[in-house]
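Student: Sequence unavailable; structure follows:
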């Protein structure tokens, strides 16, 4: 059976995804149509429909569009109805209390981008890492993206640059073996990250939980504790999802 797609609905989703990115949080009609490679008149019709029900907002003084107010309760409701996400987000605060590090929950999108769906920050740190819920980034641009890739079928591990393939495959196998990833400025200069996967009952990586720190503020003595806390928490959440731990 051929896949059926509704063009106007698809364009509406693409517009909302575009405006959800911090870089494009406020765009004119011209910018939206060019970025999405879509007809301006068609974009305008879709934008006006979305604005009518407060999914987007139009600002007359700037002639730009941004995400609308109805998405706030809608997002909160979606979080409430997604039991696994709610449970994982609720655990972020305890991880912060135990590690003293900003802790985030990440989900993988169908286009192989990642998105922050939860975040907690320490209250007593003078310099701390802040993230924006809804921020997206390519899976291969952040170290904790490897927590998702490591549990993919190995046939999908190939990446565009063949010169780095052998090194990447080795790293992914190591992550799969030990169950977590640690990076000190490897892909994001100055940022250290510790990450571990949360599995669903079928064994797929549903979310990744990660702790973030400025590398210069992180002591070597902290690392084992952060890893232990993350593994304990992600194992518990995986068990709640009925994933059979080895």
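Tutor: Now that the structure is in, tell me what you want to look at. Note that the structure is a prediction, hence the values are computed from the model and not measured. Residues are numbered from 1 along each chain as shown.
Student: gap between the most centrally placed residue in the chain and residue 188?
Tutor: Nearest to the mean C-alpha position of the chain, counting by Cα atoms, centre = their mean, stands residue 115 at 2.1 Å. Residue 115 is 16 Å from residue 188, where distance means Cβ to Cβ, to the nearest Å. Just so you know, the C-beta spots here come from the backbone N, C-alpha and C atoms, and that holds for glycine as well.
Student: which residues in this structure form strands?
Tutor: With DSSP state E, the ranges of strands along the chain come out as 27-28, 56-59, 64-67, 102-108, 113-120, 136-138, 181-184, 191-199, 205-214.
Student: per-stretch mean pLDDT over those, give me the minimum one.
Tutor: Mean pLDDT per stretch puts strand 136-138 lowest among the strands of the chain, at a mean of 86.
Student: if we can go back for a sec, export the strands of the chain to TSV and tack on distance to residue 175?
Tutor: Shown next, in TSV, are those (distance: least, Cβ to Cβ, whole Å):
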stretch	distance to residue 175
strand 27-28	37
strand 56-59	39
strand 64-67	34
strand 102-108	15
strand 113-120	15
strand 136-138	18
strand 181-184	5
strand 191-199	9
strand 205-214	11
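Student: of those, which approaches residue 84 most closely?
Tutor: Residue 84 sits nearest to strand 205-214 of all the strands of the chain, at 6.2 Å, using Cβ to Cβ.
Student: hang on, the earlier thing: out of the strands of the chain, which comes closest to residue 21?
Tutor: Taking these one by one with Cβ to Cβ, strand 136-138 is closest: 5.7 Å.
Student: Within the sheet, what are the partner strands of that closest one, with directions?
Tutor: Applying DSSP bridges, strand 136-138 is found paired with strand 113-120 (antiparallel).
Student: which parts of stretch 86-99 are buried?
Tutor: Counting neighbours by 16 or more other Cβ atoms under 10 Å, one finds that the buried residues in stretch 86-99 are 88-89, 91-92, 95-96, 98-99.
Student: contacting residues around stretch 29-43?
Tutor: With contacts defined as Cβ atoms under 8 Å, 6 or more residues apart in numbering, stretch 29-43 is touched by 8, 11, 14-15, 18, 24, 27, 44, 47, 63-65.
Student: so how far is it off the chain centroid?
Tutor: Offset of stretch 29-43 from its chain centre (Cα atoms, centre = their mean, to the nearest Å): 26 Å.
Student: again, but for stretch 225-240
Tutor: 19 Å.
Student: buried sites along it?
Tutor: Of the residues in stretch 225-240, 226-227, 229-231, 233-235, 237-238 count as buried by neighbour count, 16+ other Cβ under 10 Å.
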